[in-house]
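My questions concern the predicted model and sequence given below.
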Amino acid sequence: MGFESIVKIPSKSYFFCIGKNIEKHPEIFKQILADGHAVGNHTHNHLKSSKSTTKNYVQNTLDAEEAMDRFTTLTPTNNQHQQLFRPPYGKITSSQAKALQKLGYTIVMWDVLSADFDASINTASCLQNVLKNTEDGSIIVFHDSVKAAKNLFYALPKVLEYYTKKGFEFKKIKT
C-alpha cells in the first residue's frame, strides 16, 4: 500500500528517500514517482555524519542515488528525480556538505520538525507542534517510519486540511 493511498496529499511533495528502503520497497518508491512527487536523497543507510568519514558519507549518498536510479525512468515530462539531499538527523559536517555540493547536490534543511517519530508525544501534541511553528514558506518534515506512523497519520491530514483552508499552497522547494 502506497503512502498517498493512506494520506491524500493535495499537491506534489518531496520525499527524501533512504536507499535501502527503496530497495526493500521499490513499489512504494515507484508509486511516489507515478503520483508526480519529487524525490531526494537521504543516504543509503540513514547515516550519521558524525560517525562517518567524508569519503564514506559521500559513498553512502551515491549508493542511495544508485538505488533511486534503478527504479526511476526519466523523461522530459518525468523529471522528479533531482539531486536534492537532506542529511539524516539534520546534521552534516562542512567537508561532507562541500563534497556533496561539488557533486551537484543541493542540501535541503527544514524549519519545522513534526516530531512524529517521538514516542513520548501524543498525536495532538504532534499536530500542535506543526501548527504553531509553520509559517509561509516553511519546510515541514514528517517521517514514514513505523515509529512515526501513529503521529503521522493523525497529524499530516489535519495539517494539510488546515493550511489548504487557510489558502496556503504547497509548492516545489526553491533550490
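Yep, it's here.

lowest-pLDDT helix or strand in the protein?
Within the chain, no helix or strand scores below helix 3-6, which has a mean of 42 by mean pLDDT, DSSP states H and E.

in the protein, which spans are helices?
Secondary structure of the chain by DSSP state H: the helices cover 3-6, 19-24, 26-34, 54-70, 94-102, 123-133, 149-165.

Val141 is nearest to which of the ones you listed?
Closest to Val141 of the helices of the chain, according to C-beta to C-beta: helix 123-133, at 9.6 Å. C-beta: built from backbone N, CA, C; applies to glycine.

ok, and for the closest one, which residues are buried?
Buried residues in helix 123-133, counted by 16 or more other C-beta atoms under 10 Å: 126-127, 129-130.

Kindly state the domain boundaries assigned to the chain.
Domains of the chain are assigned by automatic domain parsing as 1-109, 110-165.

Distance to Lys171 added to those, as a markdown table?
Listed next are the domains of the chain as a markdown table, based on distance: least, C-beta to C-beta, whole Å:
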| stretch | distance to Lys171 |
| --- | --- |
| domain 1-109 | 8 |
| domain 110-165 | 9 |
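
Determine which of these shows the lowest mean per-residue pLDDT.
Of all the domains of the chain, domain 1-109 carries the lowest average pLDDT, namely a mean of 84.

re earlier: can you redo the helices of the chain as a markdown table with distance to Ala115?
Listed next are those as a markdown table, based on distance: least, C-beta to C-beta, whole Å:
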| stretch | distance to Ala115 |
| --- | --- |
| helix 3-6 | 19 |
| helix 19-24 | 21 |
| helix 26-34 | 23 |
| helix 54-70 | 24 |
| helix 94-102 | 24 |
| helix 123-133 | 5 |
| helix 149-165 | 8 |
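
ok so, going back, which of the domains of the chain sits closest to Lys172?
domain 1-109 (7.1 Å).

residues contacting Gly104?
Gln83 (C-beta atoms under 8 Å, 6 or more residues apart in numbering).

Any figure for the gap between it and His42?
17 Å (C-beta to C-beta, to the nearest Å).
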